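Peer 1: Got a sequence here, can you build the structure:
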Amino acid sequence: MGAEATLVTTTNSNSGEAPLVLGLQATALIDHVARVDWSLLDQLPGERGGSIPVAIEELEHILKEVKTHVISSLDESLPMKTMAGGSVANTIRGLSAGFGVSCGIIGACGDDEQGQLFVSNMSSHAVNLERLRMKKGSTAQCVCLVDESGNRTMRPCLSSAVKLHPKEDDLTRADFKGCKWLLMRYGIINIEVIQAAIKVAKQEGLLVSLDLASFEMVRNYKSPLLQLLESGNIDLCFANEDEATELLRGRNGEHDADPEAALEFLGKHCQWAVVTLGSNGCIAKHGKEIVRVPAIGEANAIDATGAGDLFAGGFLYGLVKGLSLEECCKVGSCSGGTVIRSLGGEVPPESWQWMYKQMQIKGLPLPDIQL
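Peer 2: I've put the predicted structure just below:
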């Protein structure tokens, strides 16, 4: 571990007990989520709905502008929500808080106010942070702007943030010992950390789950992604429809690959492959079995942030519980439908209760947890 890093300690670290699911998030992230009118989105450079990195000055400028463009809602007590963010953090927090699965995070956060907020938010949901390094410097932030249709435009500020470095932080087998799953999100900026983590995790016999992140990431950095997938080290892969079709575009002359073809491709290299289809639900493959499951809760969508992340959490809960492929997808759909009922990737208690009711209706085993 680097000389400037210290391990985070919290009152509920479950010291000595390895988490069942370990999430790799090399850079801790704080999300600032707000519902805004379209005029603000029109002022921002780049496509609406996309995710473009910005400098800290631009992020601070956007946060100031949000105050005059926010859409008030009777359902939200605050015009803007601030919480621990990032795909992996969303999934891990949901698995721990909503499903009672023992979870931990391995990564790095800064020693600033945002770093403390990340630690406080995740530990309050019983996430094990013993493998989180706190370093001198700033924590990454992201502004998530949600329009009236529930679609999000994201502006992350990552350039100056502290992160996990495989050479400095020396990932060891002790970090992964006793865990069953390693959960990751694809990202070229963290490719060395991802590769190092997979190598050590496999030495400890962990199963590895990979989320494809975004269609832009798949399009721009397809070669290293294909190497990861074709290595045989990815046991479970999650992709949304855009990411899945982008994965095969241009391959063997394919111009408009469909999600089914992408699922077939992923299924050749991974034990489990899942393609989420938004309002059309999802398709999944395990061995020769293929299932299709409809979406749940779309009619009440307020903000799509975290839908895929929480779907992944529900699906992993199903795998941990030994459920069938179809049941895993159904739990994922219930979970994904839960987070879109409010702003941001953190699920409030009343939405978990809604999910438990949906699971009960569908005859799915409820988590052994009391909220």
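
Peer 1: quick one, phi psi at the residue nearest to Phe215 when sequence neighbours are not counted?
Peer 2: Leaving aside its sequence neighbours, Phe215 sits nearest to Asp242 (Cβ to Cβ, 6 or more residues apart in numbering; 4.0 Å). In this view, the C-beta of every residue, glycine as well, is placed from N, C-alpha and C. Main-chain dihedrals, Asp242, degrees, to the nearest 10: phi -70, psi -40.

Peer 1: Next, the closest residue to Pro156 other than its chain neighbours: secondary structure please.
Peer 2: Of all residues not flanking Pro156 in the chain, Cys142 sits nearest, at 4.0 Å (Cβ to Cβ, 6+ apart). Secondary structure, DSSP: H, G, I helix; E, B strand; the rest coil: Cys142 is strand.

Peer 1: so where's the protein shaky on pLDDT?
Peer 2: 1-4, 9-16, 73-78, 252-256, 297-305, 340-341, 343-344, 370-371 (pLDDT under 70).

Peer 1: contacting residues for the spatially most central residue of it?
Peer 2: Taking Cα atoms, centre = their mean, the centroid of the chain lies closest to Ser87, which sits 2.0 Å from it. Contact partners of Ser87, counting by Cβ atoms under 8 Å, 6 or more residues apart in numbering, are 25, 185, 211, 213, 308-309.

Peer 1: Report the beta-bridge partners for the residue nearest to Pro156.
Peer 2: Asp31, Pro156 (DSSP bridges).

Peer 1: Could you measure from it over to Gly85?
Peer 2: 6 Å (Cβ to Cβ, to the nearest Å).

Peer 1: Looking at the two, which is more packed in?
Peer 2: Gly85 (30 against 20; other Cβ atoms under 10 Å).

Peer 1: Could I get the phi/psi values of the more buried one?
Peer 2: Backbone torsions of Gly85, given as degrees, to the nearest 10, read phi -130, psi -170.

Peer 1: Now it. Nearest residue, chain neighbours left out?
Peer 2: Of all residues not flanking Gly85 in the chain, Asp31 sits nearest, at 3.0 Å (Cβ to Cβ, 6+ apart).

Peer 1: do you know how far that neighbour is from Pro367?
Peer 2: Here Asp31 is placed at a distance of 25 Å from Pro367 (Cβ to Cβ).
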